[in-house]
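>>> Give me coordinates for this.
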Amino acid sequence: MQPHRARRVIVFASCFIALIAYASGAAGADQYWIPTWAASPQSAVIVLPAALTRPAGNNSGQAARPPLFPPPPTFENQTVRMIVRSSVGGSQARVQLSNTFGAAALHIGAAHIALRDKGSSIVASTDHPLTFSGQTSVVIPAGAEVLSDPVDLRIPPMTYLAISVYVTDKAENPTDHLTGLHTTYISGPGDFTSASSIDAKSTTQSWYWISAVDVLAPEKTGVIVAFGDSITDGATSTPDTDSSWPSQLSLRIAADKSLAGKWAVVNEGISGNQLLENLMGVSALARLDRDVFSLPGVKWMIVLEGINDIGLHGRPGAENPVTAEDLIAAQKQIIERAHLHGIKVMGATLTPYQGATYASDEGEKIREAVNQWILTGGAFDAVVDFDKAVQDPANHLQIRASFNIRDHLHPNDAGYKAMAEAIDLKIFSRASK
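Numbers count the residues shown, from 1 in each chain. Now for the predicted structure:
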């Protein structure tokens with residue numbers, strides 16, 4: 001080969017390699033992109049069955065009670081600043097925005113990411129504008145998602161991030177995650193994505209459009225997906241404290257010297273979710289690809305699903321009645337589909353619900369049958385007995401009084417901590433070797 005031709009080949013090969021590196025977000029051979037945080041997209045329009053709705057009032061002249069969930073907001077020429085917490089650290093970051101349930105295109109005028117200081121304030125020196133294919137604005141078609149370009153931002157583990165999104169045109173019924181359990185700051189008119197703090201005209205505890213924050217992490221770092229309903233979502237835990245059981249599991253892993261930095265934990269719970277029916281979010285079987293299999297680096301998923309199926313469809317005279325066999329078959333499908341993607345599955349027993357609004361004796365029999373199969377059926381790669389972790393020692397059919405807030409269904413912060421502590425971390429120690 002002639003020298004000048006050899007140089008051309010070398011230059012061409014170098015450019016080709018550089019192009020590949022750029023397309024993959026400049027990830028090195030020993031690093032790759034994984035989610036340090038994620039949340040399942042939901043439709044802001046919620047239609048609840050009668051079994052979950054509150055009474056509107058009575059004949060005694062009492063005022064009507066407020067709706068269980070407020071109507072979805074409409075955004076226009078406003079900035080929304082949202083707070084999330086990392087689970088593992090990384091040297092670069094990128095953000096995924098979702099218009100999955102949007103009825104129209106979503107016009108994003110600007111977006112920023114920064115480390116959060118306190119409240120709506122950011123650490124100014126860490127503020128970075130996000131670009132999308134090199135542009136500072138992006139239009140997300142209805143039903144679509146977009147991924148930002150990478151930014152050089154060193155994110156420590158267990159650190160709060162502020163993600164600010166400026167919406168130019170009217171955005172009705174935005175794709176959200178209802179049970180965000182963090183204060184979201186909504187501005188008046190204008191782009192305040194780079195502002196050191198937001199003068200909020202209103203606040204909510206939901207996230208809008210954001211579905212994942214990825215970090216560039218060592219290739220040996222794995223992802224654990226917590227997959228479930230409101231008890232995984234963290235319903236009734238204290239807002240702004242990250243007290244759900246997945247968040248507390250992440251704290252346990254970060255504090256374990258043999259595991260710290262090796263596992264990200266992301267919460268893909270949806271309050272009201274069911275295995276077989278659509279309610280607040282599509283069914284567990286329908287959202288597996290979007291919320292688990294599409295995430296890079298997933299090695300384990302922990303499944304806690306079925307109590308809403310039992311409560312809504314295991315009652316006498318229920319529409320679309322469900323049996324223990326139905327729920328077990330659905331769990332088997334999750335296991336088999338996860339195994340196709342090289343993901344191991346930890347089965348979690350369903351927690352007590354005696355005294356809950358939709359509890360019934362028939363439903364309790366189904367719950368006990370499903371739990372027995374989870375513990376003894378041998379279908380899962382590992383199991384965790386959440387039922388035992390939170391049950392009342394004097395009455396195994398109900399949550400321990402010190403773990404229950406008000407509804408006999410959802411644990412409080414201490415109850416969620418007990419659930420997180422019931423998970424055997426040695427399982428992940430073996431997997432990380």
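>>> which regions of the stretch 1-150 of the chain sit below the pLDDT cut-off?
Counting by pLDDT under 70, the stretch 1-150 of the chain contains low-confidence residues at 1-29, 47-69.
>>> which residues of it fall in strands?
31-38, 74-75, 78-85, 90-98, 106-115, 128-129, 138-140, 145-147 (DSSP state E, counting those that start in this stretch).
>>> how about a markdown table for the ones you listed, with distance to residue 188 and mean neighbour count added?
All C-beta spots, glycine's among them, are computed from the backbone N, C-alpha and C. Output for the strands of the stretch 1-150 of the chain, formatted as a markdown table (distance: least, C-beta to C-beta, whole Å; neighbours: other C-beta atoms under 10 Å):
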| stretch | distance to residue 188 | mean neighbour count |
| --- | --- | --- |
| strand 31-38 | 28 | 24 |
| strand 74-75 | 11 | 17 |
| strand 78-85 | 7 | 24 |
| strand 90-98 | 22 | 22 |
| strand 106-115 | 15 | 22 |
| strand 128-129 | 21 | 16 |
| strand 138-140 | 23 | 18 |
| strand 145-147 | 26 | 18 |
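>>> Identify whichever of the ones you listed lies nearest to residue 172.
Proximity to residue 172 (C-beta to C-beta) singles out strand 74-75 among the strands of the stretch 1-150 of the chain, at 4.8 Å.
>>> what packs against the closest one?
Under the contact criterion of 3 or more C-beta pairs under 8 Å, 6 or more residues apart in numbering; DSSP states H and E, strand 74-75 touches strand 171-172.
>>> What pairs with the strand it packs on, parallel or antiparallel?
strand 74-75 (antiparallel) (DSSP bridges).
>>> For residue 170, find the nearest of the strands of the stretch 1-150 of the chain.
strand 74-75 (6.3 Å).
>>> Quick one: distance of the closest one to the chain centre.
23 Å (C-alpha atoms, centre = their mean, to the nearest Å).
>>> where does residue 289 land in three-state SS?
With DSSP: H, G, I helix; E, B strand; the rest coil as the basis, residue 289 sits in helix.
>>> hang on, the earlier thing: in CSV: the strands of the stretch 1-150 of the chain, plus distance to residue 248.
Listed next are the strands of the stretch 1-150 of the chain as CSV, based on distance: least, C-beta to C-beta, whole Å:
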stretch, distance to residue 248
strand 31-38, 15
strand 74-75, 32
strand 78-85, 12
strand 90-98, 22
strand 106-115, 22
strand 128-129, 29
strand 138-140, 33
strand 145-147, 29
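>>> Let me know which of these is the nearest to residue 326.
So among the strands of the stretch 1-150 of the chain, strand 31-38 is nearest, using C-beta to C-beta, at 28.4 Å.
>>> partners of the closest one in the sheet?
strand 210-218 (antiparallel).
>>> can I get the CA coordinates of the strand it pairs with in CSV?
C-alpha atoms of strand 210-218 as CSV (Å, rounded to 0.1, in the frame of the first residue of the first chain):
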residue,chain,number,x,y,z
ILE,A,210,-39.1,13.8,32.7
SER,A,211,-38.8,10.0,32.5
ALA,A,212,-35.1,9.3,33.1
VAL,A,213,-31.8,10.8,34.0
ASP,A,214,-28.8,8.8,32.7
VAL,A,215,-25.2,9.0,33.8
LEU,A,216,-22.1,7.7,32.3
ALA,A,217,-21.0,5.0,34.7
PRO,A,218,-18.5,2.1,34.9
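>>> After it, which helix or strand is next?
Helices and strands here follow DSSP states H and E; after strand 210-218, the next one along the chain is strand 222-228.
>>> rewinding a little: quick one, which of the strands of the stretch 1-150 of the chain is nearest to residue 413?
Among the strands of the stretch 1-150 of the chain, strand 78-85 sits nearest to residue 413 (C-beta to C-beta), with 15.3 Å.
>>> Give me the distance from stretch 180-200 to the chain's centre.
With C-alpha atoms, centre = their mean, you get 21 Å for stretch 180-200.
>>> Any buried residues in that stretch, and which?
180-187, 191-195, 197-198, 200 (16 or more other C-beta atoms under 10 Å).
>>> Where strands are concerned, which of these count?
184-187 (DSSP state E).
>>> Take those residues and write them to a markdown table, including pLDDT and distance to residue 272.
Shown next, in a markdown table, are these (pLDDT from 0 to 100; distance: C-beta to C-beta, whole Å):
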| residue | pLDDT | distance to residue 272 |
| --- | --- | --- |
| 184 | 98 | 20 |
| 185 | 98 | 26 |
| 186 | 98 | 24 |
| 187 | 98 | 29 |
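>>> can you give me the helices in the protein?
3-23, 230-233, 245-255, 284-288, 307-313, 324-340, 361-376, 386-390, 413-421, 426-431 (DSSP state H).
>>> Serialize the ones you listed to CSV and add fields for mean neighbour count.
CSV is the format used below for the helices of the chain (neighbours: other C-beta atoms under 10 Å):
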stretch, mean neighbour count
helix 3-23, 10
helix 230-233, 27
helix 245-255, 23
helix 284-288, 20
helix 307-313, 27
helix 324-340, 17
helix 361-376, 18
helix 386-390, 23
helix 413-421, 21
helix 426-431, 16
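>>> Identify whichever of those lies nearest to residue 397.
The nearest among those, by C-beta to C-beta, is helix 361-376 at 6.4 Å.
>>> That closest one packs against which elements?
helix 307-313, helix 324-340.
>>> of all these, which lies closest to residue 222?
helix 324-340 (13.9 Å).
>>> tell me the angle of the closest one relative to strand 222-228?
If you take axes from the mean of the first three to the mean of the last three C-alpha atoms, to 10 degrees, helix 324-340 sits at 160 degrees to strand 222-228.
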